[in-house]
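In: Provide a 3D model corresponding to the input given below.
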Amino acid sequence: MDILAVIVVLLLLLLIASWSSARSYFAKGRLAGMEEATRELIRGIRSHFDVAGQAPPDAVAKALEAVGSFARSASYGKSIQRYQALLWTFGDAVGAACWRRGYDTCQQKMSPRSDRIRLELTVAELQDVASLAHLGFKKMMPNDRGIELVRFGGEQQALAVARAVERLEQAIPGAQRPSGHSSVRQTMIQQWWPMERKRA
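Out: So this is what the prediction gives:
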């Protein structure tokens, strides 16, 4: 009976030792895989910045240094947890750097060049400005006879078109902006529609 108890205890000790050894082996392999994957990621990131001729952002450089100087502790489980924390910081820094770079690139592509100006107009404002531009073009032609009459539908339309033209003029740099045009338009509107109201 004593021999049977000793054998059972030995078998239990063997199972516990095997389980502990297997866990340690698995943790060691997991940590080695994480380190290898991280090395490949770092190599890819560094080559990306080298090709662009730029240094990585400070947050990415610090995260790379922290990951590169990682020292294993006695327990593989604790080493994995510490390494995961470093990888979270590393991933956050790389994600922020990628977002910033994409945002800056998008801004460069979407922003007008230094010699261009971008405006936001409604469809109605664009139609009014296009009509004015067409009419102005026709009036500047030498053979203009003034046969075709285009008039504002009322005071409100004239005010809306005047505002659209003012928005265009405000986009012109100050040195080249025409002066006095806005007040002339407002005066024309104020002088014409009171006359219309008197006639009615």
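In: CA only for contacts and neighbour counts going forward, please
Out: Noted.
In: so is Pro178 in a helix, a strand, or just coil?
Out: Pro178 carries the three-state label coil when classified by DSSP: H, G, I helix; E, B strand; the rest coil.
In: Return the backbone torsion pair for it.
Out: When quoted as degrees, to the nearest 10, the phi and psi of Pro178 stand at phi -70, psi 130.
In: which residues of the protein score low on pLDDT?
Out: Screening the chain residue by residue with the criterion pLDDT under 70, one finds the ranges 1, 49-53, 71-76, 112, 137-150, 195-200.
In: how does it divide up, domain by domain?
Out: Dividing the chain into domains by automatic domain parsing, as the record does, gives the ranges 9-110, 123-195.
In: what about the shortest one, distance to the chain center?
Out: Just to be clear, that refers to domain 123-195. 37 Å (C-alpha atoms, centre = their mean, to the nearest Å).
In: and the residue positioned nearest the centre of the chain, backbone torsions?
Out: The centre of the chain sits closest to Tyr103, judged by C-alpha atoms, centre = their mean, with a distance of 3.2 Å. As for Tyr103, its main-chain torsions (degrees, to the nearest 10) stand at phi -60, psi -50.
In: how close does it sit to Ala96?
Out: 10 Å (C-alpha to C-alpha, to the nearest Å).
In: what do you get for Val129?
Out: Using C-alpha to C-alpha, Val129 is found at 43 Å from Ala96.
In: With Ile45 instead?
Out: 13 Å.
In: How far off centre is the biggest helix by length in the chain?
Out: Ranked by residue count and defined by DSSP state H, the top helix of the chain is helix 2-52. Remark: helix 2-52 is offset 41 Å from the chain centroid, using C-alpha atoms, centre = their mean.
In: I'd like to know which elements it is packed against.
Out: Of the remaining helices and strands, those touching helix 2-52 by 3 or more C-alpha pairs under 8 Å, 6 or more residues apart in numbering; DSSP states H and E are helix 76-110.
In: Count the residues that sit near the closest residue to Glu169 other than its chain neighbours.
Out: Spatial nearest neighbour of Glu169, excluding adjacent residues (C-alpha to C-alpha, 6 or more residues apart in numbering): Arg177 at 6.3 Å. Neighbourhood size, Arg177 [other C-alpha atoms under 10 Å]: 13.
In: now swap in Thr89 and tell me
Out: 19.
In: again with the one 3 residues further on
Out: Burial measure for Asp92: 15 neighbouring residues, criterion other C-alpha under 10 Å.
In: do the one 5 residues further on as well
Out: The number of residues packed around Ala97, counting by other C-alpha under 10 Å, is 17.
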